[in-house]
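[1] Below are the sequence and a predicted model for it; my questions follow.
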Amino acid sequence: MSLPSPALPELLELQALAELGAPHLRQRLLCEVEVDGRMLPVHAYLLGRAGPDAPAVGYFGGVHGLERIGAEVVIAYLRSLVMRLRWDDTLHRQLESMGMLFVPLVNPGGCWRGTRANPNGVDLMRNAPQDALEPVPWLVGGQRISAALPWYRGPRGAAMERESAALCEVAEAELGGRSFSIALDCHSGFGMNDRLWFPLACSARPIDHLPELHAFSQTMDQALLHHRYIMEPQSRQYLAHGDLWDHLYLRSRSSSAERVFLPLTLEMGSWLWIKKNPRQVFSRHGMFNPLIGHRQQRVLRRHLSLLDFIGRAVGSHARWRPTEDQRARQQAQGLERWYHRRGR
């Protein structure tokens, strides 16, 4: 017997966008999750050129069910692209030379229940198999004690959760095989400032692609005038076990030394929203979402420019990506900026 169809507003909007964007927008079912008598799908949406010779960008949201604003940012950007497909020749030329991947709602079961974890009680962003190489903060860094406690990684030795495995599979298929790719995972729930984190979360050592990330950061500073993003390695805030983007980055490094895969995590400064509106701590929509209408619109406007910039930067990576003789200088600047001293 079939289960009732989903009624999450995010899923309904995505289905409408899939129909509006056809045939350019391709929808792919990654998996389904059963929650409270319903089957909720996890879909990927693809635009543009396939194949390893074209760069690609991936946008992900809704990994944590409490952080619906992350999914909303990704869906809003996808909607803007679908609407532009009708008239924007520049967008069509861009898509001839690169691919775009969207997984706007990775954890629909957590979104349905209003929980950070998936319906099995597992925090998907602590669910990859690798352990941190250095001590992590208790609980926050990931724990295997009980699903009744937050940041639960799942049982030791178990396969990854269905949603985590689906994210990894599509990211490796659509991004990992490309010569150059960037992934942006949109979250809220940390601090009062908007941050762009990059791996590693499992270690405080510098990432292998530090020169590329520093060059990207310089390009962003020059192009997104007056932006407020603090770009930094996640390890500057805390270390964690089982980070999915660490897992994917390390797998990418082990499979090919030539490919460049740069995972980024957008952490929207949602503590500021709570400070301005303490009552939202008790909201059924989640404490990490801007509930006041004008504030939500402002958040969407601010971050859509970042998503658009990242897509353009991927498509034009040859113009800013450091050459071999520039990597040593970018490496030294990145070490000084992020690992040898504090500050932005």
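    Here it is on my side, so go on. Numbers count the residues shown, from 1 in each chain.

[2] quick one: low-confidence parts of the protein?
    Applying pLDDT under 70 to the chain picks out residues 1-6, 190-191, 270-299, 341-344.

[3] Could you list the buried residues of stretch 17-36?
    By neighbour count with 16 or more other Cβ atoms under 10 Å, stretch 17-36 contains the buried residues 17-18, 21, 24-25, 27, 30-33, 35. C-beta here means a position set from N, CA and C on the backbone, and glycine is covered the same way.

[4] Could you tell me the end-to-end distance of it?
    Terminal residues of stretch 17-36 are spaced 26 Å apart (Cα to Cα, to the nearest Å).

[5] Let me see the backbone angles for R195.
    phi -120, psi 150 (degrees, to the nearest 10).

[6] Could you report the separation of it from E232?
    From R195 over to E232 the distance is 7 Å, taken as Cβ to Cβ, to the nearest Å.

[7] quick one, strands of the stretch 1-150 of the chain?
    For the stretch 1-150 of the chain, the strands defined by DSSP state E, counting those that start in this stretch occupy 26-35, 38-48, 56-61, 99-103.

[8] now those strands as JSON lines including distance to H241?
    Putting the strands of the stretch 1-150 of the chain into JSON lines (distance: least, Cβ to Cβ, whole Å) gives the following:
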{"stretch": "strand 26-35", "distance to H241": "23"}
{"stretch": "strand 38-48", "distance to H241": "23"}
{"stretch": "strand 56-61", "distance to H241": "20"}
{"stretch": "strand 99-103", "distance to H241": "23"}
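
[9] which one of those lies closest to Q218?
    The closest of the strands of the stretch 1-150 of the chain to Q218 is strand 56-61. By Cβ to Cβ, the value is 18.7 Å.

[10] If you count contacts, what does the closest one end up packed against?
    helix 68-84, strand 99-103, helix 162-171, strand 180-188, helix 293-315 (3 or more Cβ pairs under 8 Å, 6 or more residues apart in numbering; DSSP states H and E).

[11] try it again with 10 Å
    Secondary-structure packing of strand 56-61 (3 or more Cβ pairs under 10 Å, 6 or more residues apart in numbering; DSSP states H and E): strand 38-48, helix 68-84, strand 99-103, helix 162-171, strand 180-188, strand 260-268, helix 293-315.

[12] Tell me who's in contact with M125.
    Residues in contact with M125 (Cβ atoms under 10 Å, 6 or more residues apart in numbering) are 63-64, 106-107, 116-117, 142, 151, 153, 164, 167, 185, 187, 201, 240, 242-245, 265.

[13] Done for today, thanks.
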